[in-house]
Every structure is written in structure tokens, then in C-alpha cells.
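[1] Predicted structure and sequence below. I'll ask about it afterward.
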Amino acid sequence: MKQSGPARSPAHDPAGLGAPPRFASPDEAKAAVQAFDLRRLPAAYYANPYPYYHALREYDPVHRLPDGGYFLSRYADCVAVYKDAIAFSSDKKREFKPKYGDGLLYEHHTTSLVFNDPPLHTRVRRIIAGAFTPRAIADMERSVVRLVDDLIDAIAAKGSADLIADLAGAVPVEVIGNLLAVPREERGPLRAWSLAILGALEPVLTDEQRERGERAVAAFVAYLERLVADRRQHPGDPERDVLTRLIQGEQDGERLSERELLHNIIFILNAGHETTTNLIGNGLYALLEWPEEKARLIARPELIRTAVEEFLRFESSNQLGNRMTTRAVEIGGVAMPAGTFITIGIGAANRDPAEFADPDRLDVAREPNRHLAFGSGPHVCIGLNVARLEGRVAIERFLARFPDYRLAGPPVRGGRARFRGFLSIPVELGCRAR
Ligand code: HEM
């Protein structure tokens, strides 16, 4: 359904989510564009990046960054880059060298499928794709429902909740742990390792963040060496168990080296964590900001599928993507030589009025909704249907049980440019909580 008319004002704005999506004047917007540098982002950007994205799209859609790279904010440009994996490489060896040196973070991030081109990308993707079939995902639904209901029962018994600690942060680690059959009692450190390793992908890194990331890769590798040795002895069902699939490799085809194996397991375990936590947290928070949309979803629970797509578009968990040109190209009339770094503004593309009518309005029934939250092209998220399942079950069941939930204190934002979400969202459950 196409929407028209101005974006409605959100009910309240403790974390910047509902702040106006545009700068107050063209002069302010132009000044923000001129100063826009991913390495020196202003505090206001972390609270609410949308005025910056709109201003960039309007005044400088192919924006040259001070380091010589470009930031893209138009939907059509972002899609074109995603689709052309020959001209726009995902290989990060050159980009990450100055950032990580020769450390373990460098080894990890340059060995995972997401930051590689063929042949490594194709080999790994082919091996794991078979574990993400619609059938395999449908089979996961029952265990996700059970997990979410147990968490919701615990929340009901407590009488209040932190939406991140008690729900959004707790679901993905279990789901991804099940997918790789990681023993339940060993899942404790996974979330912290994952946050430290992905946190090291921020445009600018402190020494402390880098060291935390290095320690996390070392601990993760040491743990997985043991887990993989054990799984080699006792293989699981390769139709269900992604770890067994990766170990066994393609039938009659190539296998992964030990390093490739370990780093890609780490990537898969990480990829599904923070992003999915943010989908659930951002979705439940957006509903608080848009009470009419919340009421609409409660009245028509069958809208949950389009609502999840809208949460993914409206507050994309992953705001930035990256590529490097392999040859001279032209984007939006701007010529770039080979070796140019490009940042794909996923969050910006998802608010582009050329693709989405009334883009700053949350519309739980929005259709069509061809958002880029999962990327596009050959690297499109493999886990997208797992994430959709988790988002749908968690939000649907929480809303059905606690339709009157409301903020009990100020939420705390994660404060990151790439991964957009909350560290904490304290809520009261409201009078209809059972
Ligand atoms: C809301 C949740 C999620 C979001 C927003 C998300 C987002 C993305 C994006 C944008 C990419 C493309 C990266 C690029 O092209 O540079 C990607 C790739 C990937 N995602 Fe997700 N993801 C989510 C959940 C998951 C889950 C649950 C899993 C695993 C179970 C997963 C596994 C992967 C893998 C393996 C890739 C690499 C694919 C490739 O390079 O071919 N993701 N994801």
C-alpha cells in the first residue's frame, strides 16, 4: 500500500529515533553534507542518522569522503553496486591491512565469505546454502516459538523487562547455537565474542576495541578447534547441522582448509547475532514510537510479516556496506578509478523517496518493500529467512502477551555507525500483562 502525506510525529523521543528526519533548513543540511566524514561522525548522527542521509541524497548523492572513498545514499546506486560483483569487489585484504595490521582480526575478517570474492566466496556459500532451505527453516519454527515463550514467561514472572537483555539479545544466540549444534552449556561466551569481533568493523577503532577484538578471535578459535575436533569424531546430520556441513565440504568437491573452516564458522555465528537482536529491539521500540501502527498490528496480527520487513527497512540493523572498485567506473556521473573504496548507505537507501513512498513513516502494511537491509546480489544475506523467523515470532508473541508495554526509563543506544540498535530498553508490561 502506498502512503502519502507528511510523516506523523512519533509519540515521544528519548533516544533520537523520532527526532525530525530532516534538517531544519537547507543551509544546515548543506553544511552537514560538506562536513560528512565517516571517520568523524557527529554525536547527533548516532542518535538519528536520517537527516544526514536525506541531506546527502539531496545535495551530494555520490559523496566524496576525505579519505578518497565515496558514500552512496541513493537506492538505485546502492542496488547497482550490490548487483555488479565484478566491478565492485568484496575482498577486504587491502582495506583491512592498515586497520588491523597482521593480527588475528585481519586473518579472520579477510577469510570469511562475506569479505571475499570467488573462488573462496563461492565455495563456502555453496557448502552452507543447503542448510538454509525453506524446509530447514520451517522446521526451526517450533523450537523458536518454545524459546520465545519461555523467555516471555520469565518476563511475566518478573513483571518488567529489558527488551534487549530479556528477549532480543537472548533469542539469536540460541537459534544460531542450534543451527551449528553448539552444546547449550557452552554458548555463554558467544555473544560477547561476537560483539567484540563485529565491533571492530566500525569505521574508526580505538586501541581498546582492537585489543578486545583480537582477544575474542583468539578465544573463539581455541574454542572451535575443540568443537570441530569433536564433531569430526561425532558428525551430526548435514541437512540440519551447518558445522557438519562445513566440515564435510561439498560432495566430491573441495573442502575448506582448517583456517577457512574456523573463520567461516565464527562469521556465521557472529552474522546472526547482533543484527537479529537489533531487528527485534528496533522493531519493538519503533512500535512504541508509532502507537497507531502498534494498535494496527495488534488488531491485525496477520500483518506481522510486512511489519518485520518494515522494521528492517525503517531502522536497518546493518546501516553500512562496503565494496572496492576493480576497474574504472562511473556512478551517478562521478568517475572513479580502480581501487576506490565505496560505502553503501543501506540505511540511506532504505529511506529514499524515489523507492519508498513517505519513507520516514513507519507503515506495518507497506508493500512493496524492496529494502536493502539484507544487501542484494551474490552476497545477499544467507540467514535472511532465519532472521525473519526470529523477528516474526519474538515480536508477534511479545505483542500478543504484553500489548500495553511501555518505556520504564530511557533506552540506551548502541552508539555505533554500522550496527544500529539498543543496549537496553527498559519497559513496564502494562495492565493487560498476564
Ligand atoms: C536482521 C538480521 C540480519 C541482517 C540485517 C543481516 C544483514 C546482512 C547483510 C547486509 C549481508 C550482506 C553483506 C554484504 O554484501 O557485504 C549479510 C550477509 C550474510 N549474512 Fe546476514 N543479516 C542478518 C541475519 C543473519 C543470520 C541470522 C545469519 C545466519 C544464520 C546471517 C548470515 C549471513 C551470512 C553467512 C552472510 C554472508 C553471505 C555472503 O557473503 O555470501 N545473517 N547479512
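    Received the coordinates, thanks. Model, not experiment: these values are computed from the prediction.
[2] Tell me where the stretch 1-150 of the chain has strands.
    Ranges of strands within the stretch 1-150 of the chain are 62-64, 70-72, 88-89, based on DSSP state E, counting those that start in this stretch.
[3] Residues contacting the second one, please?
    The list of residues contacting strand 70-72 from outside it, by Cβ atoms under 8 Å, 6 or more residues apart in numbering, reads 36, 38, 56, 61-65, 78, 81, 331, 334, 336, 340-345, 348-349. C-beta coordinates here come from the backbone N, C-alpha and C atoms, glycine included.
[4] and the ligand, which of the strands of the stretch 1-150 of the chain is closest to it?
    When the strands of the stretch 1-150 of the chain are compared by Cβ to the nearest ligand atom, strand 88-89 sits nearest the ligand, at 9.9 Å.
[5] tell me the pLDDT at the closest residue to residue 158 other than its chain neighbours?
    Leaving aside its chain neighbours, residue 158 sits nearest to residue 166 (7.7 Å; criterion: Cβ to Cβ, 6 or more residues apart in numbering). In this model, residue 166 is scored at 98, pLDDT.
[6] what does residue 323 give?
    Per the predicted model, pLDDT is 98 at residue 323.
[7] Same question for residue 162.
    For residue 162, the pLDDT comes out at 98.
[8] Just the buried positions in stretch 388-402, please.
    388-399, 401-402 (16 or more other Cβ atoms under 10 Å).
[9] quick check, nearest of the residues you listed to residue 135?
    Proximity of the buried residues of stretch 388-402 to residue 135 (Cβ to Cβ) peaks at residue 389, which lies at 12.8 Å.
[10] right, quick check: whichever strand or helix holds that closest one against the ligand, any contact?
    Assigned by DSSP states H and E, residue 389 belongs to helix 384-401. Yes: residues of helix 384-401 contacting the ligand under Cβ under 6 Å from any ligand atom: 386-387.
[11] Does anything pack onto that helix? Which helices or strands?
    The contact analysis (3 or more Cβ pairs under 8 Å, 6 or more residues apart in numbering; DSSP states H and E) places helix 384-401 against helix 134-158, helix 170-179, helix 274-289, helix 291-299, helix 304-314.
[12] if we go to 6 Å?
    Applying 3 or more Cβ pairs under 6 Å, 6 or more residues apart in numbering; DSSP states H and E, one finds that helix 384-401 makes contact with helix 134-158, helix 170-179, helix 274-289, helix 304-314.
[13] After the last one, which helix or strand is next? Please name it.
    Pointing back at helix 304-314 there. strand 320-325.
[14] likewise the shortest one?
    Using DSSP H and E, the helix or strand that directly follows helix 170-179 along the chain is helix 190-199.
[15] swap in the first one?
    Downstream of helix 134-158, the first helix or strand assigned by DSSP H and E is strand 160-162.
[16] Spell out which residues of the stretch 51-200 of the chain are next to the ligand.
    So the stretch 51-200 of the chain meets the ligand at 90, 113-114, 121, 125, 176, 179 (Cβ under 6 Å from any ligand atom).
[17] Which of those residues fall within helices?
    Counted as lying in helices by DSSP state H, out of these, are 121, 125, 176, 179.
[18] quick one, what contacts residue 375?
    Residues near residue 375 by Cβ atoms under 6 Å, 6 or more residues apart in numbering: 82, 381.
[19] so what pLDDT did it get?
    pLDDT at residue 375 comes out at 98.
[20] Next, it: secondary structure please.
    Assigned by DSSP: H, G, I helix; E, B strand; the rest coil, the conformation of residue 375 is coil.
[21] For the remainder of this discussion, apply numbering that starts at 37.
    OK, 37 is where the count begins now, so the last one is residue 411.
[22] what about it, distance to residue 114?
    Separation of residue 411 from residue 114 (Cβ to Cβ, to the nearest Å): 9 Å.
[23] Now the residue in the stretch 287-436 of the chain positioned nearest to the ligand. Nearest residue, chain neighbours left out?
    Per Cβ to the nearest ligand atom, residue 419 is where the stretch 287-436 of the chain lies closest to the ligand, at 2.0 Å. Counting by Cβ to Cβ, 6+ apart, residue 308 is the residue found nearest to residue 419 once chain neighbours are left out, at 5.0 Å.
[24] thinking again about what came up before, and the helix holding residue 425, what's its mean pLDDT?
    What helix 420-437 shows for mean pLDDT is 98.
[25] which residues are contacting that helix?
    For helix 420-437, contacts defined as Cβ under 6 Å, 6+ apart pick out 173, 180-181, 184, 188, 207, 211, 312, 315-316, 319, 340, 344, 410.
[26] Can you give the strand pairings for the following helix or strand past it, parallel or anti for each?
    Per DSSP H and E, the first helix or strand lying C-terminal to helix 420-437 is strand 442-443. When sheet partners are counted by DSSP bridges, strand 442-443 sits next to strand 462-464 (antiparallel).
[27] Go through this structure and flag its longest helix.
    Assigned via DSSP H, the chain shows its longest helix as helix 243-269.
[28] Test my guess that the residue nearest to residue 419 contacts residue 410.
    No: Residue 308 lies out of contact with residue 410 (Cβ atoms under 6 Å); the separation is 11.8 Å.
[29] In terms of neighbours, single out the busier of the two.
    residue 308 (24 against 20; other Cβ atoms under 10 Å).
[30] List the contacts of that one.
    Contacts for residue 308 (Cβ under 6 Å, 6+ apart) come out as 208, 212, 419.
[31] Per-residue pLDDT of the nearest residue to the second one once chain neighbours are set aside, please?
    Spatial nearest neighbour of residue 212, chain neighbours left out: residue 308 (4.4 Å); criterion: Cβ to Cβ, 6+ apart. Per-residue confidence for residue 308 comes out at a pLDDT of 87.
[32] what's the average pLDDT for stretch 250-260?
    On average, stretch 250-260 scores 96.
[33] buried ones in it?
    250, 252-253, 256-257, 259-260.
[34] Touching that stretch from outside, list them.
    Under Cβ under 6 Å, 6+ apart, the answer for stretch 250-260 is 139-141, 144, 229, 232-233, 298, 301-302.
[35] Which element, helix or strand, includes residue 271?
    Judged by DSSP H and E, residue 271 forms part of no helix or strand.
[36] Run a quick neighbour tally on the residue nearest to it when sequence neighbours are not counted.
    Distance criterion Cβ to Cβ, 6+ apart; nearest residue to residue 271, sequence neighbours excluded, is residue 280 at 4.9 Å. Residues within reach of residue 280, counting by other Cβ under 10 Å, total 19.
[37] what secondary structure does residue 280 sit in?
    Recorded secondary structure, residue 280: helix (three-state DSSP).
[38] didn't it look like it was pressed against residue 274?
    Yes: using Cβ under 6 Å, residue 280 is in contact with residue 274, at 4.8 Å.
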